[in-house]
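> Take a look and give me a structure for this.
(one chain, ligands or ions: 2)
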Amino acid sequence: MAEHDPDEAPDIDIARRDLLIAGALSATAAALPGSAGAQTPGASTPQAASTPAPVIARVALRVNGQRYEKEVDTRTTLLDLLREHLHLTGTKKGCDQGQCGACTVIADGRRINSCLSLALMHEGAEITTIEGLGTPERLHPLQAAFVKHDGYQCGYCTPGQICSAVAMLDEVRRGIPSHVTADLNARPLLSPMEMRERMSGNICRCGAYSNIMDAIGEVAGVSVAGGKA
Ligand code: FES
Ligand code: FES
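Residues are numbered from 1 along each chain as shown. Ligands and ions are numbered 1, 2, ... in the order given. I've put the predicted structure just below:
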């Protein structure tokens, strides 16, 4: 058995250090765009070859009374169609997974979370966004009430809140019950509790709920006394 030579130890350490440096450099190079290890579109690597190409399809719909026809990736949500393709950025993207209501628009009379709906599902539909409800000179009654009652702080949830409230009041007018409707024959189907339940899909991170309820209550003709039942 060969005797251990202490003079060889530095060579072993250097070799190990060189190996670590070389490994770090190759990992960095692989992460850089255009490097041999990066996944660039169309690259002839086994992984790229198995990635399906986007499927493009045409969708035609009306938004705020105007007809649009666009070619989009079939995975495009209605929210991204509105914001990225039609540049109607009043509709906001909060969570992008159906939890906050910031993206609420009205599709054929129903309020929906546009982040949860594919654009292609709305072929021929009539979409209303916050831009279609009123103008700065002539606000929709709910827009005016939100201004009057300070129904916002940062304002990020506000387009969704207002679109949701517009459709919500229409649901009430049509007698559609909510989860807290005790008497299905009672009219109108609106109380402070009803309003809170019906608006519960719209989250306000600033916590402007009392003022939001005051604004909606004024338009609905319901006194909510600072949002409290
Ligand atoms: Fe659609 Fe939050 S962005 S629900
Ligand atoms: Fe800021 Fe509602 S006003 S999230």
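> C-alpha from now on. contacts and neighbour counts both.
Fine.
> Close to ligand 1: what parts of the protein are there?
93-103, 113-115 (C-alpha under 6 Å from any ligand atom).
> Most neighbours among those, which one is it?
When neighbours are counted by other C-alpha atoms under 10 Å, residue 103 leads the residues of the chain next to ligand 1 with 34 neighbours.
> Isn't that one up against residue 79?
Yes: using C-alpha atoms under 8 Å, residue 103 makes contact with residue 79 at a distance of 6.7 Å.
> Report how many residues lie close to residue 65.
11.
> Now do the contacts for it.
By C-alpha atoms under 8 Å, 6 or more residues apart in numbering, the residues touching residue 65 are 126, 128, 132.
> now do 10 Å
Taking C-alpha atoms under 10 Å, 6 or more residues apart in numbering, we find residue 65 in contact with 126-128, 132.
> Can you turn the buried part of these into a ChimeraX selection?
Buried residues among those (16 or more other C-alpha atoms under 10 Å), as a ChimeraX selection:
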select :126,127,128
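> pLDDT and secondary structure for the contacts of residue 65 - can I get that in JSON lines?
Formatted as JSON lines, the contacts of residue 65 follow (pLDDT from 0 to 100; DSSP: H, G, I helix; E, B strand; the rest coil):
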{"residue": "126", "pLDDT": "98", "secondary structure": "strand"}
{"residue": "127", "pLDDT": "98", "secondary structure": "strand"}
{"residue": "128", "pLDDT": "98", "secondary structure": "strand"}
{"residue": "132", "pLDDT": "98", "secondary structure": "helix"}
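> Can you name every helix or strand that the helix or strand containing residue 165 contacts?
Remark: residue 165 resides in helix 158-173, with elements defined by DSSP states H and E. Under the contact criterion of 3 or more C-alpha pairs under 10 Å, 6 or more residues apart in numbering; DSSP states H and E, helix 158-173 touches strand 104-107, strand 110-113, helix 141-148, helix 192-198, helix 209-220.
> What are the contacting residues of the second one?
By C-alpha under 10 Å, 6+ apart, the surrounding residues in contact with strand 110-113 are 78-79, 93, 96-107, 127-128, 160, 163-168, 170-171, 201-202.
> rerun that using 7 Å as the cut-off
98, 101, 103-106, 164, 167 (C-alpha atoms under 7 Å, 6 or more residues apart in numbering).
> Show the average pLDDT along that strand.
Regarding strand 110-113, the rounded mean pLDDT is 98.
> And the longest one, by the same measure?
Over the span of helix 209-220, the pLDDT mean works out to 96.
> Return the distance of residue 158 relative to residue 197.
According to C-alpha to C-alpha, to the nearest Å, residue 158 stands 17 Å off from residue 197.
> coming back round to it: common neighbours of residue 103 and residue 79, please.
114-115.
> now the helix holding residue 165 against helix 209-220, angle please.
Between helix 158-173 and helix 209-220, the angle comes out at 40 degrees (axes from the mean of the first three to the mean of the last three C-alpha atoms, to 10 degrees).
> Give me the angle between helix 158-173 and helix 141-148.
Angle, helix 158-173 to helix 141-148, by the same axes, to 10 degrees: 130 degrees.
> Closest to residue 213 out of the contacts of strand 110-113?
For those, the closest approach to residue 213 (C-alpha to C-alpha) belongs to residue 164, at 12.5 Å.
> So, low pLDDT: which residues of this protein?
1-49, 225-229 (pLDDT under 70).
> What about the nearest residue to residue 218 once chain neighbours are set aside, how many residues nearby?
In space, and not counting its chain neighbours, residue 218 is closest to residue 145: 7.2 Å by C-alpha to C-alpha, 6 or more residues apart in numbering. Neighbourhood size, residue 145 [other C-alpha under 10 Å]: 21.
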